[in-house]
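Asker: build me a structure from this.
(one chain, ligands or ions: 1)
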Amino acid sequence: MKAIILAAGEGLRCRPLTLTRSKVMLPIANRPILEHVIGSLEKNGITDIILIVGYKKERIMDYFEDGLNFGVKIKYVEQKAQLGTAHAIEQAKKWIDPEDSVFLVLNGDNLVEPKTIADLLNNYEGDASLLTVQMEETAGYGVVLKEKKRVTRILEKRPGDLSRIVNTGIYIFTPKVFETIEKTPISENGEYAITDTLQLMIDEGKIITSVPTESKWLDAVHAWDLLKANAIVLNSAREPKLEGEIEEGVFLSGKVAVGKNTRIRSGTYIVGPAVIGENCDIGPNVVILPSTTIGDNVSIRSFTEIQNSIIMNDCRIYSHGQISNSIIGSNNTIGSGFFVEEKEGLSIIMNGNIHRAPKLGTIFGDDNRIGNSVLVKAGVTIAVDCQVESGNTIYRDLSRHSVVL
Ligand SMILES: CC(=O)N[C@H]1[C@@H](OP(=O)(O)O)O[C@H](CO)[C@@H](O)[C@@H]1O
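Answerer: Next comes the predicted model:
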């Protein structure tokens, strides 16, 4: 069976992290979300993958190449304009054999475990099937109404609580779906939505079934959702590997993974679950608390404490810092005495809408340079290529190339 993975969008609500990479490339436990998705397909024996790319596609293609290192074969198809999920799937039409009985479609930016996909593979029926989860908070998703297994309506991102059965965006289609995709009208927000295609199929009397799952399905809607996803994945890791050099006098407890060529210096105290990548230099006397992921080529100097955070590749973090509930993009330099304030239940405004964040520190994009003794207020984001001189307190979001003297 072939799988089409949708990986063309940016992930606007994950800015500033997505200013330099698309959402599918955001790391969870040091691997892009898309790598987790491909791994789950491969474990189900699905190795023939059509990857729909668009935004920052080079970064995806450079990482995955032809897929062989990941146990799959990838055919890249470009969606030049991001005109919706039905339009994205339509781009793959040429590569789906009309004689194939069915194919799978899923999002490249939702974390799924192998069993999640198996639940659909083992239970699909009718003209199309979609995998659903039960959720309390359904805002931002499509929900379905159904009679027994048969879907009677799909409602996309509507306010109210008509249904708690959420569409995961994981589907089994027959090649006939392309006929209905061609007839799908453009929606109010200017997109061709696969959910509208499905509604059209329902209206034509076709049988669309919903397959419920209780297996893992996680969507990082906002950047801060990555912290939760990271914690879940770190917690479920099996037998983490300790490579590199662990000096005498290092304390490790819980699940801790350390990559090749990394040195953990004496006096460092690490409580897992935690993952530290390759070629890092940590300590002496650094404290790393659950659920933290540190990328490759990162150095962290004495008396810095990091908790429940993601630090991406190529960062340098100097001494006496405190970072918690935060995401630091790649190639950031952070001076001594850096302090991130954190708060619970912040209201963050994006594009005029209010979004509620859980306990949050800060989110940094890539390539920022922060001097010594800098304080960042809770919920504040620093975009890309910003420079903050020593001794400043950052109260407001910094946009790309900002300089704070
Ligand atoms: C038009 C469309 O395809 N909507 C889908 C899709 O929404 P996006 O906003 O495109 O990610 O994925 C959601 C699951 O992540 C699903 O709930 C919804 O129905």
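Asker: the residue in the stretch 51-200 of the chain positioned nearest to the ligand - how many residues pack around it?
Answerer: Closest residue of the stretch 51-200 of the chain to the ligand, Cβ to the nearest ligand atom: Gly142 (2.2 Å). Bear in mind the C-beta positions are built from the backbone N, C-alpha and C, glycine included. Neighbours of Gly142 under the rule other Cβ atoms under 10 Å: 24.
Asker: phi and psi next, for the nearest residue to it once chain neighbours are set aside.
Answerer: With Cβ to Cβ, 6 or more residues apart in numbering as the criterion, Gly142 has its nearest non-adjacent residue at 4.0 Å, and that residue is Asn167. Dihedral angles of Asn167 (phi, psi; degrees, to the nearest 10) stand at phi -80, psi 120.
Asker: what is the burial count for Asn167?
Answerer: For Asn167, which is what you asked about, the neighbour count (other Cβ under 10 Å) is 24.
Asker: what residues does the stretch 151-300 of the chain put near the ligand?
Answerer: Within reach of the ligand by Cβ under 6 Å from any ligand atom, the stretch 151-300 of the chain has these residues: Glu156, Val166, Asn167, Thr168, Gly169, Ala193, Ile194, Thr195, Asp219.
Asker: the fourth one contacts Val105, correct?
Answerer: No - under the contact definition of Cβ atoms under 8 Å, Thr168 does not touch Val105, with a separation of 10.8 Å.
Asker: before we move on, the earlier item: narrow the residues of the stretch 151-300 of the chain next to the ligand to those in helices?
Answerer: Those of these mapping onto helices are Ile194, Thr195, per DSSP state H.
Asker: need the residues of the stretch 151-300 of the chain next to the ligand in a markdown table (columns: distance to Val286).
Answerer: Formatted as a markdown table, those follow (distance: Cβ to Cβ, whole Å):
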| residue | distance to Val286 |
| --- | --- |
| Glu156 | 46 |
| Val166 | 40 |
| Asn167 | 43 |
| Thr168 | 39 |
| Gly169 | 40 |
| Ala193 | 47 |
| Ile194 | 47 |
| Thr195 | 47 |
| Asp219 | 33 |
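Asker: so which of the residues of the stretch 151-300 of the chain next to the ligand is the most crowded?
Answerer: When neighbours are taken as other Cβ under 10 Å, the top entry among those is Ile194 (30 neighbours).
Asker: now do the contacts for that one.
Answerer: Ile194 is in contact with Gly84, Thr85, Ala86, Ile89, Val105, Gly169, Tyr171, Ile181, Thr184, counting by Cβ atoms under 8 Å, 6 or more residues apart in numbering.
Asker: of those, select the buried ones using a PyMOL command.
Answerer: Buried subset of the contacts of Ile194, written as a PyMOL selection, criterion 16 or more other Cβ atoms under 10 Å:
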select buried, resi 84+85+86+89+105+169+171+181+184
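Asker: between the contacts of Ile194, which sits nearest Leu120?
Answerer: Closest to Leu120 out of the contacts of Ile194 is Tyr171 (8.0 Å), distances taken as Cβ to Cβ.
Asker: find the closest residue to the ligand in the stretch 201-350 of the chain.
Answerer: Relative to the ligand, the nearest point of the stretch 201-350 of the chain is Asp219 (4.7 Å; Cβ to the nearest ligand atom).
Asker: I'd assumed Gly108 was in contact with that residue.
Answerer: No - using Cβ under 8 Å, Asp219 makes no contact with Gly108, being 11.5 Å away.
Asker: roughly how far does the residue nearest to Gly142 sit from Val151?
Answerer: 9 Å (Cβ to Cβ, to the nearest Å).
Asker: overlap in contacts, those two.
Answerer: Counting by Cβ under 8 Å, 6+ apart, the contacts common to Asn167 and Val151 are Leu130, Val144.
Asker: where do the strands sit along the stretch 151-300 of the chain?
Answerer: In the stretch 151-300 of the chain, the strands defined using DSSP state E, counting those that start in this stretch lie at 165-173, 208-212, 217-219, 245-246, 251-253, 256-258, 263-264, 269-271, 274-276, 281-282, 287-289, 292-294, 299-300.
Asker: where in the stretch 1-150 of the chain is pLDDT low?
Answerer: The stretch 1-150 of the chain contains no residues with pLDDT under 70.
Asker: closest to Cys280 out of the contacts of Ile194?
Answerer: Distance to Cys280, by Cβ to Cβ, is smallest for Gly169 among the contacts of Ile194, at 35.3 Å.
Asker: report the contact partners of the nearest residue to the closest one once chain neighbours are set aside.
Answerer: In space, Gly169 comes closest to Asn107 once its chain neighbours are excluded; the distance is 4.7 Å by Cβ to Cβ, 6+ apart. Each residue near Asn107 by Cβ under 8 Å, 6+ apart is listed here: Ile5, Leu6, Val37, Gly169, Ile170, Asp219.
Asker: so Asn107 bridges to which residues?
Answerer: Beta-bridge partners recorded for Asn107 (DSSP bridges): Leu6.
Asker: how about stretch 1-12 as CSV, C-alpha atoms only?
Answerer: Output in CSV follows, covering the C-alpha atoms of stretch 1-12 (Å, rounded to 0.1, in the frame of the first residue of the first chain):
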residue,chain,number,x,y,z
MET,A,1,0.0,0.0,0.0
LYS,A,2,1.2,3.5,-0.8
ALA,A,3,1.1,6.4,1.7
ILE,A,4,0.7,10.1,0.9
ILE,A,5,2.2,12.3,3.6
LEU,A,6,1.1,15.9,3.7
ALA,A,7,4.2,18.0,4.5
ALA,A,8,3.8,21.2,2.5
GLY,A,9,2.5,23.7,5.1
GLU,A,10,4.5,26.0,7.3
GLY,A,11,2.7,25.6,10.7
LEU,A,12,2.0,29.3,11.3
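Asker: can you point out the buried residues in it?
Answerer: Neighbour-count burial for stretch 1-12, with 16+ other Cβ under 10 Å as criterion, is recorded at Lys2, Ala3, Ile4, Ile5, Leu6, Ala7, Ala8, Gly9, Glu10, Gly11.
Asker: for Gly321, see how far away the third one is.
Answerer: For Ile4, the distance to Gly321 under the criterion Cβ to Cβ works out to 43 Å.
Asker: with the second one instead?
Answerer: According to Cβ to Cβ, Ala3 stands 42 Å off from Gly321.
Asker: now do the first one
Answerer: The span separating Lys2 from Gly321 equals 47 Å under the rule Cβ to Cβ.
Asker: Lys377 now?
Answerer: Lys377 is 16 Å from Gly321, where distance means Cβ to Cβ.
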